[in-house]
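> sequence and predicted model, in that order:
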Amino acid sequence: MRRLGRQLVALALAAFAAGPVAAQDAVKIGFITKFPVPFFASMEDAAKAYAAANPGVEITFGQGASATDIEGQIALIESMVAQGVQGIALTPVDPTVAAALDKAVAAGVKVVLMDNNIPDWTNGTALATTNNYEAGKLAGQYLATVLKEGDTLGILEGVPGVPALDDRVNGMLEGLGGLKVEIVGRGATNCTEELGISVAEDLLTKTPELKAIYAACGPPAAGAARAVANAGIAPDAIQLVGFDFCCGEAEAMADGLEDATIAQFPTKMAEYGVDALVKAIRGETVPSLIDSGAALVTKANMAEFQ
């Protein structure tokens, strides 16, 4: 599965040699997400709804096992090319999947990325995503309103090196503006609740009077809420800000343990991504960057985002 034979590539190139398909022709695409959490389930549901509303669009779905399942995503890319898809829409789990995507593009398959980009990769047709840096700034701007000079802040990173997740942290730091806070620690969570609990516990042990925690993904934010509760810390003694508004964050917010988070719009991301891919396959021009938006969520407005 890891290697496309020369015959397969030749057949695929021949199949696409005639150019884009006509608007009325059926389109077969692959849709690959990173790992099983509600955020990506929402994206898959939106893609299914798109296919249901557009009978000429057939979608084959695939998903990795975890936030670091690079080999699994590469295998899915190669499998879908072997199945004869004309395009692939995916949320890249790591920049190293670019080599597999290059092979797909060489075989005539169009690629639209969703959720996050691959740095310096130029063979894709479009990117449908949240502007994670700007969204991170919203989190920082919120923190700047509830913290004061010299307060302590701990950061739960996602997967360091993944641009979208790094942007969420760097954007938050810029959003703080001129407010000088003390960052007492930051740790990778691989966007899992378990590591969110662990890193948050370490931060709370190191700095018992910690004033704020920022989590770059939803599951670690929910994990941090559990760590705060387990430590017996009063909810109003510490600010907890997350990102994604998923995976237990709504419950944490309802309980007063999480103060704010950033909501993305995964259904729009998937709908825009699939639509751009289908249009590109049919020879239409599509924008290279499609912003699906983001918003600050607090307990006061959380009902609007559920």
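Yep, it's here.
> strands of this protein, residue ranges please.
Listed from the start of the chain, the chain has strands (DSSP state E) covering 27-33, 57-63, 87-90, 110-114, 126-129, 152-157, 182-188, 212-215, 239-241, 260-264, 289-291, 294-298.
> now find how far off-centre the last one is within its chain.
Mean-position distance between strand 294-298 and its chain equals 16 Å (C-alpha atoms, centre = their mean, to the nearest Å).
> adjacent strands (with direction) for that strand?
Pairing partners of strand 294-298, with direction, according to DSSP bridges: strand 260-264 (antiparallel).
> the fourth one too?
Each strand that strand 110-114 pairs with, and the sense of that pairing, follows from DSSP bridges: strand 87-90 (parallel), strand 126-129 (parallel).
> closest to T192 out of those?
Closest approach to T192 among the strands paired with strand 110-114 (C-beta to C-beta): strand 87-90, 20.7 Å. Any C-beta I mention is one placed from the backbone N, CA and C, and that applies to glycine too.
> outside of the closest one, which residues touch it?
Surrounding strand 87-90, the residues in contact under the criterion C-beta atoms under 8 Å, 6 or more residues apart in numbering are 27, 29-33, 47, 73, 77, 80-81, 101, 104, 109-114, 125, 270, 273-274, 277-278, 280-281.
> save the strands of the chain as JSON lines, and put in mean neighbour count, distance to G223 and mean pLDDT too.
Output for the strands of the chain, formatted as JSON lines (neighbours: other C-beta atoms under 10 Å; distance: least, C-beta to C-beta, whole Å; pLDDT from 0 to 100):
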{"stretch": "strand 27-33", "mean neighbour count": "24", "distance to G223": "21", "mean pLDDT": "98"}
{"stretch": "strand 57-63", "mean neighbour count": "18", "distance to G223": "22", "mean pLDDT": "97"}
{"stretch": "strand 87-90", "mean neighbour count": "27", "distance to G223": "26", "mean pLDDT": "98"}
{"stretch": "strand 110-114", "mean neighbour count": "26", "distance to G223": "25", "mean pLDDT": "98"}
{"stretch": "strand 126-129", "mean neighbour count": "24", "distance to G223": "25", "mean pLDDT": "96"}
{"stretch": "strand 152-157", "mean neighbour count": "24", "distance to G223": "8", "mean pLDDT": "98"}
{"stretch": "strand 182-188", "mean neighbour count": "15", "distance to G223": "12", "mean pLDDT": "97"}
{"stretch": "strand 212-215", "mean neighbour count": "28", "distance to G223": "8", "mean pLDDT": "98"}
{"stretch": "strand 239-241", "mean neighbour count": "25", "distance to G223": "11", "mean pLDDT": "98"}
{"stretch": "strand 260-264", "mean neighbour count": "27", "distance to G223": "13", "mean pLDDT": "96"}
{"stretch": "strand 289-291", "mean neighbour count": "15", "distance to G223": "29", "mean pLDDT": "94"}
{"stretch": "strand 294-298", "mean neighbour count": "19", "distance to G223": "18", "mean pLDDT": "97"}
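> isn't P95 up against I118?
Yes - because the distance of 4.9 Å satisfies C-beta atoms under 8 Å, P95 is recorded as touching I118.
> got any residues that touch both of these two?
Contact criterion C-beta under 8 Å, 6+ apart; residues shared by P95 and I118: P163.
> the two: which has the busier surroundings?
Here P95 and I118 are compared on neighbour count by other C-beta atoms under 10 Å; more neighbours surround I118, at 20 against 17.
> the more buried one touches G124, doesn't it?
Yes - taking contacts as C-beta under 8 Å, I118 lies within contact range of G124: 7.5 Å.
> lowest-scoring secondary structure element of this structure by mean pLDDT?
helix 6-16 (a mean of 35; mean pLDDT, DSSP states H and E).
> what's the domain layout of this structure?
By the record's domain assignment, the chain is partitioned as 6-130+265-292, 132-264 (automatic domain parsing).
> residue contacts, Q239?
With contacts defined as C-beta under 8 Å, 6+ apart, Q239 is in contact with 143, 146-147, 211-213, 259-260.
> mind running it again at 6 Å?
Residues in contact with Q239 (C-beta atoms under 6 Å, 6 or more residues apart in numbering) are 146, 212, 259.
> chain neighbours aside, what residue packs nearest to the second one?
Translated: A212. Take A212 and drop its neighbours on the chain: the residue closest to it by C-beta to C-beta, 6 or more residues apart in numbering is Q239, 4.0 Å away.
> compute the distance between the one you found and P208, please.
According to C-beta to C-beta, to the nearest Å, Q239 stands 15 Å off from P208.
> do the same with E71
The spacing between E71 and P208, counted by C-beta to C-beta, is 41 Å.
> can you check V184 too?
According to C-beta to C-beta, V184 stands 11 Å off from P208.
> I am finished for the moment; much appreciated.
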